[in-house]
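1. Sequence isn't available, so here's the structure alone:
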């Protein structure tokens with residue numbers, strides 16, 4: 001199984017290795033969903049938006065998609081490609097740097 005190193009915005013300097021195929025599938029789905037939004041969106045909107053875009057072979061019926069959304073969200077935030085609003089509930093949006101992430 002091929003792995004990719006991810007970061008966590010909440011724990012700078014700490015990284016973890018995760019399944020590359022699942023990470024890339026979720027990242028691509030999240031970017032597709034967020035790219036279509038004019039404004040920042042909450043977690044529920046992201047989760048509902050990515051499910052139909054995910055390969056069933058990796059995420060049957062959306063299984064484990066919540067964990068992977070959080071994994072990719074924290075990694076993209078650490079890399080500066082994604083940002084969150086300061087209000088509650090948290091909402092997320094792509095930054096100008098997302099093409100470089």
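-> Sure, I can see it. All figures in this text were calculated on a predicted structure; none of them were measured in a lab.
2. ok, then the element right after whatever helix or strand residue 67 lives in?
-> Under the criterion of DSSP states H and E, residue 67 resides in helix 65-78. Remark: after helix 65-78, the chain's next helix or strand is strand 82-84, criterion DSSP H and E.
3. Relative to that following strand, what are the paired strands and their orientations?
-> Strand 82-84 has the following strand partners under DSSP bridges: strand 91-94 (antiparallel).
4. Quick check: mean pLDDT of the partner strand?
-> On average, the pLDDT along strand 91-94 is 97.
5. ok, now stretch 52-59?
-> The model assigns stretch 52-59 a mean pLDDT of 97.
6. what's next to that stretch, contact-wise?
-> 21-22, 25-26, 28-29, 32-33, 51, 62, 65, 68 (Cβ atoms under 8 Å, 6 or more residues apart in numbering). For the C-beta atoms, the positions are set from N, CA and C on the backbone; glycine is no exception.
7. Looking at those, spot the one nearest residue 13.
-> Nearest to residue 13 among the contacts of stretch 52-59: residue 68, at 22.4 Å, using Cβ to Cβ.
8. Quick one: the strands in the protein, in order.
-> Per DSSP state E, the chain carries strands over the ranges 3-7, 15-19, 41-42, 82-84, 91-94.
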